[in-house]
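A.B. asks: Pasting a predicted model and its sequence here:
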Amino acid sequence: MTGFEILVVDDDVDLAETLRDFLNGQGYSVEIATSGVQALQACEDNPQLALVLLDLVMPHSDGLAVMQQIHQRNHDLPILIMTGYGTIETAVDAIKRGAEDYMTKPFDREAVRKKVSRIMELRCLRNRVAQLEADLRTGDPFQELIYVSQAMQKVVERARASAASSASVLLLGETGTGKERIARAVHAAGSRSTQPFIAINCGAVPRELVESELFGVRRGAYTGAYADAPGVFVAANRGTVFLDEIGEMPKESQVALLRVLQEKELRPLGSARAIPIDVRVIAATNRPLVMLRQELLREDLYFRLATVVIEIPPLRKRPEDILVFAQWFVARLAEKYARHVTISRAAVESLLSHSLPGNVRELQNLLESVTALSSDDPQVITERDLKPLLAQNVALPADSMPLALDEMERLAIERAIRLCRGNRTKAAALLGISRDTLYRKIRDLKADAGLT
């Protein structure tokens, strides 16, 4: 038995065959095992197995013991428990021990279809995360950015194009959208990559110290200047300076910055000698562009900094990335806390329904908070876990709710096939799924007409 996606484990052969035939009709490849021993052998023979449907009560096998043995060999393999009404309490206990979900006998076909489809969706997301991890080893700085949305693809394309020059770049985006990560990728992909990248938050430096922090100071220039300090621009010479929250820079300091950018030299406070400087500047702000241009920055400085303008959309406008980030962070948290941690579909849908004003940073903090406060192993992050943390968050109005997972997936499939010019094998690779899975998803989503 090799090459199948789903394994049904049940000593009731008639029921197992009925399930197999039904799931075959849904586009899945299914095999049957009638005992725990056969189930373990099937899992051993097929390392690509995506899901196990496991009967909880069998004459010669304890379902919980079989599940434990399966997870000892493959901790990430989803297991869907099958049980009668009299053993639901045991099924719930199985979920606490690492089962993905349970369903009761006699089966409702629609319930089976939905539960299996949900688990396979999550499997595809995990595969996508694994693909992203593999991409990190390619040496391309932009591969370190985590995204699947078309909106972020456009951002990355623009950032990649800007990396080839030394032009100033202005990054716009809400707090937590990853502006500094984009800035670092631009630097690392350019000709200055072997030189320093130095970041400074203009809003975190006292107004009276901004110029000395940026351009340096000579000893005795003012009370408290007990030693020479080179400043950020000198330290980053031939490299890149990242000016975060540029809109918070005082107007008087903006004059000095403009002079440095125009003349390519600076004069430290207390010094009569100018120092030539060669620095690329990448600036960022969480303020609206109109406010930045009309109120916060001098017009001449704005035009100097805004040679290339890149706007990073918030997470609520690219929900596909919420799906991937959630899986990514959960995987990192599992490593950090040395426990098996996963996230339920309902929890992901709860995240999708909120505005997440803190964007990626807030999402990461939410998931870490839930993980850090638990000692469960394995742990499944649920909607109930997130609810108190999202209580102060703004729920998206009904008319701006993100697309359902099925609709997001449909759009991703259409986009991948267009990008690959109709080559479905390449499109499947781009999506991080097998070609057979892609064909099944196209059929299930009834999207074939638009994907020919």
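C.D. replies: Everything's here; your move.

A.B. asks: all strands of the stretch 1-150 of the chain, in order?
C.D. replies: Per DSSP state E, counting those that start in this stretch, the stretch 1-150 of the chain carries strands over the ranges 6-9, 30-33, 51-55, 57-58, 61-62, 79-83, 101-104.

A.B. asks: what would those strands look like in a markdown table with mean neighbour count, mean pLDDT and distance to Gly358?
C.D. replies: Where you see a C-beta, it was placed from the backbone N, CA and C, and this is true even at glycine. Listed next are the strands of the stretch 1-150 of the chain as a markdown table, based on neighbours: other C-beta atoms under 10 Å; pLDDT from 0 to 100; distance: least, C-beta to C-beta, whole Å:
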| stretch | mean neighbour count | mean pLDDT | distance to Gly358 |
| --- | --- | --- | --- |
| strand 6-9 | 26 | 93 | 39 |
| strand 30-33 | 22 | 92 | 43 |
| strand 51-55 | 25 | 92 | 34 |
| strand 57-58 | 18 | 84 | 46 |
| strand 61-62 | 17 | 80 | 45 |
| strand 79-83 | 23 | 89 | 34 |
| strand 101-104 | 18 | 86 | 30 |
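
A.B. asks: In TSV: the ones you listed, plus distance to Glu299.
C.D. replies: Shown next, in TSV, are these (distance: least, C-beta to C-beta, whole Å):
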stretch	distance to Glu299
strand 6-9	63
strand 30-33	66
strand 51-55	60
strand 57-58	75
strand 61-62	75
strand 79-83	62
strand 101-104	59
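
A.B. asks: closest to Glu121 out of those strands?
C.D. replies: For Glu121, the closest of the strands of the stretch 1-150 of the chain is strand 51-55, at 11.2 Å, according to C-beta to C-beta.

A.B. asks: what residues does the closest one touch?
C.D. replies: 5-12, 19, 39, 43, 63, 66-67, 70, 77-83, 99, 116, 119-120, 123 (C-beta atoms under 8 Å, 6 or more residues apart in numbering).

A.B. asks: tell me the angle of it relative to strand 79-83?
C.D. replies: 20 degrees (axes from the mean of the first three to the mean of the last three C-alpha atoms, to 10 degrees).

A.B. asks: centre of the chain versus stretch 186-199, how much separation?
C.D. replies: Centroid separation between stretch 186-199 and its chain, computed with C-alpha atoms, centre = their mean, to the nearest Å, is 24 Å.

A.B. asks: Tell me who's in contact with His60.
C.D. replies: 11, 35-36.

A.B. asks: any idea how far it lies from Asp11?
C.D. replies: Going from His60 to Asp11 by C-beta to C-beta, to the nearest Å gives 8 Å.

A.B. asks: Give me the common contacts of those two.
C.D. replies: Shared contacts of His60 and Asp11, counting by C-beta under 8 Å, 6+ apart, come down to Ser35.

A.B. asks: ok so, going back, taking the contacts of His60 one by one, which sit in helices?
C.D. replies: Using DSSP state H, the subset of the contacts of His60 located in helices is Gly36.

A.B. asks: Pull out the buried members of the contacts of His60.
C.D. replies: 11, 35-36 (16 or more other C-beta atoms under 10 Å).

A.B. asks: want to throw the residues you listed into a markdown table with distance to Leu390?
C.D. replies: Below are these laid out as a markdown table (distance: C-beta to C-beta, whole Å):
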| residue | distance to Leu390 |
| --- | --- |
| Asp11 | 43 |
| Ser35 | 44 |
| Gly36 | 40 |
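
A.B. asks: From these, pick the one nearest Gln294.
C.D. replies: Gly36 (70.7 Å).

A.B. asks: show me the contacts for that closest one.
C.D. replies: 9, 58, 60-63, 65-66, 69.

A.B. asks: Now with 7 Å, please.
C.D. replies: By C-beta atoms under 7 Å, 6 or more residues apart in numbering, the contact set of Gly36 is 58, 61, 66.

A.B. asks: Setting aside sequence neighbours, what's the nearest residue to the last one?
C.D. replies: Spatially, and ignoring its direct neighbours in sequence, Val66 is nearest to Gly36 (4.1 Å; C-beta to C-beta, 6 or more residues apart in numbering).

A.B. asks: ditto for the second one
C.D. replies: Nearest residue to Ser61 in three dimensions, chain neighbours excluded: Gly36, at 3.4 Å (C-beta to C-beta, 6+ apart).

A.B. asks: any idea how far Gly203 lies from Leu333?
C.D. replies: Distance from Gly203 to Leu333, by C-beta to C-beta: 30 Å.

A.B. asks: which of the two has more neighbours?
C.D. replies: Leu333 (20 against 13; other C-beta atoms under 10 Å).

A.B. asks: Regarding that one, what is its secondary structure?
C.D. replies: helix (DSSP: H, G, I helix; E, B strand; the rest coil).

A.B. asks: For the nearest residue to it once chain neighbours are set aside, which residues are in contact?
C.D. replies: In space, and not counting its chain neighbours, Leu333 is closest to Thr371: 4.5 Å by C-beta to C-beta, 6+ apart. Contact partners of Thr371, counting by C-beta under 7 Å, 6+ apart, are 333, 337, 341, 379.
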